[in-house]
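Engineer: please find the sequence and the predicted model below.
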Amino acid sequence: MTSVSEGRFPSSSVPLITRGALRTTLRAGDGVRIEAVYDPCTADAGADAEPGGARTAIVVAHGFTGSVDRPAVRRAAEVFSQRAAVITFSFRGHGRSGGRSTVGDREVLDLAAAVAWARSLGHPRIVTAGFSMGGSVVLRHGALYTAPGADGEPEGRTEAHEAAHADAVVSVSAPARWYYRGTAPMRRLHWMVTRPAGRFVGRYGFRTRIDRNDWDPVPLSPVEAAGLIAPRPLLIVHGDRDPYFPLDHPRMLAHAAGGAADLWLEPGMGHAENAADETLLTRIADWAMTR
């Protein structure tokens, strides 16, 4: 897996219009095809029935083995669309997107393509909301893609494209560090990613095509990325019953943000989009609209 160091402006095919929603194929900066869906804001059917009607768009980044059409992703889109327009997409190697999953590395290019598409539809303000692997991707994307003319940009960040940056970031159930194997679910995930038999299970059992190559170089870690997002708003959400990542992960992320992030530790919540109920999703949407 080749670590992403810079992104190029993505292109998209002609969208298919279906009852107010748009379904299209985007091109990530390295040419991989990415399926994506746009749902207009439903808060005001008159103003927001067409693309660009709502000022804010929330771009949703799913977890590993997810896709744009998974029920949990559609539930998040439905709740978020009550506050803002929503774009969902399938990461490379997932759903109908092309390529192979690099488990959080080059997926930053997929997210950048979705963000750029949101801006092309007329939304001047973009909030990225990622779950699990998607949560690590929105953190890295927030660190690597900055608004044009941003002051104090650290050396090594991606050269910003004017359409590809996020204005606020929400990371749910994300790891703080790479290669974590401290829980049984993560040990199983590492087996699936690193072993031929595991990748076979991933492809035919979870419909996820996984790149067999190691990261080279190792990408910026989520905890490093969290410290590079300010002054843009950052929300970190994590369940206290997450079977994948214990609470030291969100606490590390919040600490790395230097007090600039909001941290929600949710009692009784499990992992990622499957564990995010309507109440929590509504709270996240409200946060996204007021920051």
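Structural biologist: Now that the structure is in, tell me what you want to look at.
Engineer: where does the protein have its least confident helix or strand?
Structural biologist: Least confident helix or strand, the chain: strand 16-18 with a mean of 38, by mean pLDDT, DSSP states H and E.
Engineer: just checking, what packs against the next helix or strand after that strand?
Structural biologist: Downstream of strand 16-18, the next assigned helix or strand under DSSP states H and E is strand 21-27. Strand 21-27 sits against strand 11-12, strand 16-18, strand 33-39, helix 107-120, with contacts defined as 3 or more CB pairs under 8 Å, 6 or more residues apart in numbering; DSSP states H and E. All C-beta spots, glycine's among them, are computed from the backbone N, C-alpha and C.
Engineer: return the distance of strand 21-27 from the chain's centre.
Structural biologist: Put simply, strand 21-27 sits 17 Å off its chain's centre (CA atoms, centre = their mean, to the nearest Å).
Engineer: for that strand, C-alpha coordinates in PDB please.
Structural biologist: Output in PDB follows, covering the C-alpha atoms of strand 21-27 (Å, rounded to 0.1, in the frame of the first residue of the first chain):
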ATOM      1  CA  ALA A  21     -31.200  12.000  -4.900                       C
ATOM      2  CA  LEU A  22     -28.200  11.800  -7.100                       C
ATOM      3  CA  ARG A  23     -26.100   8.700  -7.700                       C
ATOM      4  CA  THR A  24     -22.800   9.100  -9.500                       C
ATOM      5  CA  THR A  25     -19.300   7.700 -10.000                       C
ATOM      6  CA  LEU A  26     -16.500  10.000  -8.900                       C
ATOM      7  CA  ARG A  27     -12.800   9.700  -9.700                       C
END
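Engineer: what's the angle from it to helix 107-120?
Structural biologist: Inter-element angle recorded for strand 21-27 and helix 107-120: 130 degrees (by axes from the mean of the first three to the mean of the last three CA atoms, to 10 degrees).
Engineer: which parts of strand 21-27 are buried?
Structural biologist: 21, 22, 24, 25, 26, 27 (16 or more other CB atoms under 10 Å).
Engineer: count the neighbours of residue 241 for me.
Structural biologist: Other residues near residue 241 come to 12 when the count uses other CB atoms under 10 Å.
Engineer: can you give me the distance of it to residue 132?
Structural biologist: 14 Å (CB to CB, to the nearest Å).
Engineer: residue 55 is nearest to which of the helices and strands packed on strand 21-27?
Structural biologist: helix 107-120 (11.3 Å; CB to CB).
Engineer: by contact count, what packs against that closest one?
Structural biologist: In terms of contacts (3+ CB pairs under 8 Å, 6+ apart), helix 107-120 is packed against strand 11-12, strand 21-27, strand 33-39, strand 56-61, strand 85-89, strand 125-131, helix 133-144.
Engineer: that helix to helix 133-144, inter-axis angle?
Structural biologist: Using the same axes, to 10 degrees: helix 107-120 against helix 133-144 is 70 degrees.
Engineer: tell me how far helix 107-120 lies from the chain's centre.
Structural biologist: The answer for helix 107-120 is 10 Å, by CA atoms, centre = their mean.
Engineer: next: stretch 264-277.
Structural biologist: Centre to centre, stretch against its chain (CA atoms, centre = their mean), the figure for stretch 264-277 is 16 Å.
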